[in-house]
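1. Compute the structure for the input listed below.
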Amino acid sequence: MKPANKRIFISFLLLLAATTEAPAQAAGSISGTVRDPHGNAIAGASAEIFARGGGMHRITTTNPEGLYHFDHLPEGAYIIQARARGFARYVTEAVRIDRGASLKVDLPLQLAGLEQQVVVTASGTPQAPEEVSKAITVIDRQAIDERDESAISEVLRTTPGLRVQQLGGPGAFTAIRIRGLRDQDTAVLIDGLRFRDPSSTQADASGLLEDLLTTNIDHIEVLRGSGSSLYGTNAIGGVINVLTDEGGGRSRGSALLEGGSLGMFHGRARFSGGTNDNRVQYSLGLAHVNVTSGLNDDPARNTSGQGRIAFRPSPGTQIVARFYGADSFTKLNISPRTIGNPPASGIIDARPLSPAELLLYENGKPLSQLAVGNATFIPSANDPDATRAARFASGALTLTGHPLAALGYTVSYQGLAINRTFGNGPAGPGFQSAGSTRSDFSGRIHTLLARFDYQPGSSTLLTGGYEFEDEYFATVSLDSLNSAAASAADVTQRSNTGFVQVQERLLDNRLEVSTAFRAQSFSLQRPRFNPAATAPYRSAVVSSSPAAYTGDGSIAWFLNQSGTKIRAHAGRGYRSPSLFERFGTGFDPDFGYFVYGDPRLRPERSIAVDGGIDQAFSTRHLRTSLTYFYTRLQDVILFDPSTTFIDPVTDPFGRAGGYRNAKGGLARGVEIGLLFSAGPGLDVSAAYTYTNAIERTPLIGDVLRSFITPNHQTSIVVTQRMGRRASITFDLTASSSYLAPISSPSRVFRFEGINKADLAGSYRIPRGELRAIRWFAKLSNLFNQNFYESGFRAPGITGLTGVQVEF
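-> Numbering: from 1, shown residues only. As a prediction, the model looks like this:
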């Protein structure tokens, strides 16, 4: 272990040892019965309790009489929610328990009606639905299982404001854009902690999204709008928070096996529960996806594991250890390229080369001999020896406590290790290397966080804290035929962050006001290169770089009688420069180093506002939302291959092109959402997003429109549950055309929009009070649309079927 990493870990242990519980307080308890609409008790239902000030969350299951019980509760305010298969989720208003008191709170569940959900991502602390002052979407495990999704990216495809793009079949590169912004403007969290790859070009999560499976997920929360004041870098467009199963309650589990088209096999096992009067809660999930004959017969496989254990040594203290990791492999295709005689300027209609001619091209037929017809591009061709292998492991240790009724604290450490390897050889069409090449990218992030939550009164919550992060990036390139072409580089960056947030609940909790501020400073270490003789940056001053500052404010006004919530949110976002943007290089044994990075880069900055109305009708069968959003990228980092702005004579690093700061574009639009419980067991979710994303200066010619983002996108999810046994779910995502470059950013193509529909069905056979067998089947791309994502062909209609055993 490196000395710096040792200091981080030792600091965490010292904080852990120094943090002691105040003299024991007389603990309280909350209990009650979970009932159906007829007043009958529901056995095996899940009951959850959240400390309103954050830092505590417990789960239990009801006994055969439908009873739940939470004891050893410190004095304070709590939110309780209950859920059971076949019923809509129920969330209570905040209840307060005094020292040593006992409360009885019954939880009635309805067969129909819209679900409620406690949300934590909007403010970093638990909030009831009517308190949330930002645009947020929640997707729970039941919805994921009913759609039979194995990849997190597919789960998110129907979310308002999100553009999910996968460049090929299973395991292919995946990007998620929020509200017309870039890939790197989306922050990904695992259980509230940042998940990103420091070895990627923008140090975001986009290089690992295809590896995230629904292994042991409880639910996913998607925050749309700036989240940097709470979650730091990359949260310019929004935040995707993947929350894993916390366990608790009776021991339970499941085992799933399914298979079908593309030679796909998917297996998954889950086990969770609690022991010692729920003082110990645990969960474990394992998943494996194996595609033996994907597009172009390319294989892909992914093995993923998640585990969590929590121990409560005293009523107000909890220690949690969590692990999440994956190991994946896939074969890659060649990037699309232009063909034929497209116009020299303007937007080109994307027309693919025919499948028959593409096969001839893959088998070695020269471009000049192909029957091109009216084709304008060659789709992603098969490359038999191009591969990608990736591994990541994330471990976290968290201590939470409530030494006083009004004071809570959280101390956490997270270690994240990532390794990606790309290989290629001489086989395949087009230009190929003479021998085998290999590029290794590895990254490490160590994060130490300490925060407090203080409630000076029943209507105020003050949160503040400090974060230290140590970030490391290394790369190695090898050529089997030329040992002189080998090169390596590594660099380290550290940052210190302070943050504060104030939440106020006024007018009898009908008005929610939140403000937040965050400041982050950076310290750079001198990079190391091999070969070292002509290494760049040797004389550069790299001890520090500009700091990042961001603020955030939101407000929500809830009208109880009409069920109307009016909300507004404004904030500044930022993204800190990646280590590659600061110190990126290339190496050639004949020409030496090519320098791209600039350690002086300023963080990217943005300003965003959104506002809207959420309307819940009194019958709880219909909820609508309308949101207007606007985001301007004030300062961005772009790669400039020209010498217009970077002069090698005056540039301190001798660059003839590379990364520099510039002004960015803007995105604005409207999101419309509808949730409708149309009858017994019938739920409908629909969304429409209009996005106008443009650049500050034309990308090519007079084209200002941003790439990848369609102007119009709509989605619908319809689920029909027939009793508590059977369900059918139909989901559709459709969009208008979009622009994307092929081969060169100077040639832009117009691609047809996406029209992808899936249909899934399941039938559950009870085998006892808590055991069951569930049979299910699914069709993806139901209409067999032949579409291309930026020139990469997507799979046609595919099918899966399988069985899940629950116990």
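2. tell me which residues form a beta bridge with the closest residue in space to residue 421 that isn't next to it in sequence?
-> Excluding the flanking residues, the one nearest residue 421 by C-beta to C-beta, 6 or more residues apart in numbering is residue 389, at 4.6 Å. Quick note: C-beta positions are derived from backbone N, CA and C, even for glycine. Using DSSP bridges, the beta-bridge partners of residue 389 come out as residue 329, residue 421.
3. How many residues are close by residue 389?
-> 14 (other C-beta atoms under 10 Å).
4. again with residue 199
-> Neighbours around residue 199, by other C-beta under 10 Å: 23.
5. cool, residue 369 as well?
-> Residue 369 - counted by other C-beta under 10 Å - has 10 other residues nearby.
6. For this protein, which residues score under the pLDDT cut-off?
-> 1-26, 112-113, 540-544, 618-620 (pLDDT under 70).
7. how does the chain divide into domains?
-> 3-17+135-331+383-806, 18-116 (automatic domain parsing).
8. can you give me the strands in the stretch 151-300 of the chain?
-> 162-166, 174-178, 186-190, 193-194, 217-224, 238-244, 252-260, 264-275, 280-291, 300-314 (DSSP state E, counting those that start in this stretch).
9. any idea how far the residue nearest to residue 421 is from residue 328?
-> Going from residue 389 to residue 328 by C-beta to C-beta, to the nearest Å gives 7 Å.
10. in which helix or strand would I find residue 122?
-> Residue 122 belongs to no helix or strand when assigned by DSSP states H and E.
11. what are the phi and psi values for residue 581?
-> phi -70, psi -30 (degrees, to the nearest 10).
12. coming back round to it: between the strands of the stretch 151-300 of the chain, which gets nearest to residue 637?
-> With C-beta to C-beta as the criterion, residue 637 lies closest to strand 186-190 of those, at 16.0 Å.
13. got the contact list for that closest one?
-> Contacts with strand 186-190, where a contact means C-beta atoms under 8 Å, 6 or more residues apart in numbering, come from 121, 176-178, 194-196, 204-206, 209, 227-228, 231-235, 237-242, 244, 324, 394.
14. cool, and stretch 794-806?
-> 148, 166, 168-170, 252-262, 264, 266, 294-295, 756, 770-788.
15. repeat for stretch 604-613
-> Residues lying outside stretch 604-613 but in contact with it, judged by C-beta under 8 Å, 6+ apart, are 134-135, 185, 224-226, 236, 548, 550, 564-575, 577, 625-637, 664, 671.
16. so of these, which ones are in strands?
-> Using DSSP state E, the subset of the contacts of stretch 604-613 located in strands is 135, 224, 548, 550, 564-575, 625-637, 671.
17. Among the residues you listed, the buried ones, what's the PyMOL command?
-> Buried members of these, defined by 16 or more other C-beta atoms under 10 Å, are picked up in PyMOL with:
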select buried, resi 135+224+548+550+565+567+568+569+570+571+572+573+574+575+625+627+629+630+631+632+633+635+636+637+671
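18. neighbours around the residue nearest to residue 333 when sequence neighbours are not counted, how many?
-> Of all residues not flanking residue 333 in the chain, residue 380 sits nearest, at 3.9 Å (C-beta to C-beta, 6+ apart). Neighbour count for residue 380, taken as other C-beta under 10 Å: 25.
19. follow-up on the earlier one: out of the strands of the stretch 151-300 of the chain, which is closest to residue 48?
-> Here strand 217-224 is closest among the strands of the stretch 151-300 of the chain (C-beta to C-beta), at 9.7 Å.
20. between the closest one and strand 186-190, how many degrees?
-> Interaxial angle of strand 217-224 relative to strand 186-190 (axes from the mean of the first three to the mean of the last three C-alpha atoms, to 10 degrees): 150 degrees.
21. Just the residues contacting strand 217-224, thanks.
-> Applying C-beta under 8 Å, 6+ apart, the external contacts of strand 217-224 come out as 117, 119-122, 134-141, 144, 152, 155-156, 159-162, 178-179, 237-246, 610, 627, 629, 671.
22. by how many degrees do that strand and strand 238-244 diverge?
-> Going by the same axes, to 10 degrees, strand 217-224 makes 170 degrees with strand 238-244.
23. Sheet partners, orientation included, of strand 217-224?
-> strand 135-140 (antiparallel), strand 238-244 (antiparallel).
24. now the shortest one against strand 564-575, angle please.
-> Yep, that's strand 135-140 we're talking about. Using the same axes, to 10 degrees: strand 135-140 against strand 564-575 is 90 degrees.
25. got it, and the longest one?
-> Angular relation of strand 238-244 and strand 564-575 on a 0 to 180 degree scale: 100 degrees, by the same axes, to 10 degrees.
26. And strand 238-244, how far out from the chain middle?
-> Mean-position distance between strand 238-244 and its chain equals 5 Å (C-alpha atoms, centre = their mean, to the nearest Å).
27. Contacts for that strand next, please.
-> With C-beta under 8 Å, 6+ apart, strand 238-244 has contacts from 120-121, 152, 156, 161, 176, 178-179, 185-192, 195, 212, 216-227, 230-231, 283, 285, 306, 308, 322, 324.
28. Next, give phi and psi for residue 447.
-> Residue torsions, per degrees, to the nearest 10, at residue 447 are phi -130, psi 130.
29. Sorry, wrong one. I was asking about residue 440.
-> phi -110, psi 130.
30. Skipping its backbone neighbours, what lies nearest it in space?
-> residue 476 (4.4 Å).
31. Repeat that for residue 563.
-> Ranked by C-beta to C-beta, 6+ apart and with sequence neighbours excluded, the top spatial neighbour of residue 563 is residue 616, at 4.0 Å.
32. Could you grab the helix/strand/coil label for residue 361?
-> Classification of residue 361 by DSSP: H, G, I helix; E, B strand; the rest coil places it in helix.
33. and if you look at the one 3 residues further on?
-> Following three-state DSSP, residue 364 is assigned to coil.
34. quick one: it and residue 429 touch, right?
-> Yes - using C-beta atoms under 8 Å, residue 364 is in contact with residue 429, at 6.6 Å.
35. out of these two, which sits in the more crowded spot?
-> Higher neighbour count among residue 364 and residue 429: residue 429, with 20 against 8, using other C-beta under 10 Å.
36. residues in contact with that one?
-> By C-beta under 8 Å, 6+ apart, the neighbours of residue 429 are 334, 361-362, 364, 381, 383.
37. let's see it at 6 Å
-> 361-362, 381 (C-beta atoms under 6 Å, 6 or more residues apart in numbering).
38. Of the residues you listed, which qualify as buried by neighbour count?
-> Using 16+ other C-beta under 10 Å as the burial test, the contacts of residue 429 include 361-362, 381 as buried.
39. Which residue is most remote from the mean position of the protein?
-> Using C-alpha atoms, centre = their mean, the residue of the chain lying farthest from its centre is residue 369. It sits 45.0 Å away.
40. for that one, phi and psi?
-> Dihedral angles for residue 369 - degrees, to the nearest 10 - are phi -100, psi 0.
41. same thing with the one 4 residues further on?
-> Dihedral angles of residue 373 (phi, psi; degrees, to the nearest 10) stand at phi 60, psi -130.
42. gap between it and residue 362?
-> As for residue 373, its distance to residue 362 is 18 Å (criterion: C-beta to C-beta).
43. Can you verify my assumption that the residue nearest to residue 421 contacts residue 329?
-> Yes - look at residue 389 against residue 329 with C-beta atoms under 6 Å: they come within range, at 4.8 Å.
44. Distance check, the residue farthest from the centre of the chain against residue 115.
-> In terms of C-beta to C-beta, residue 369 sits 59 Å off from residue 115.
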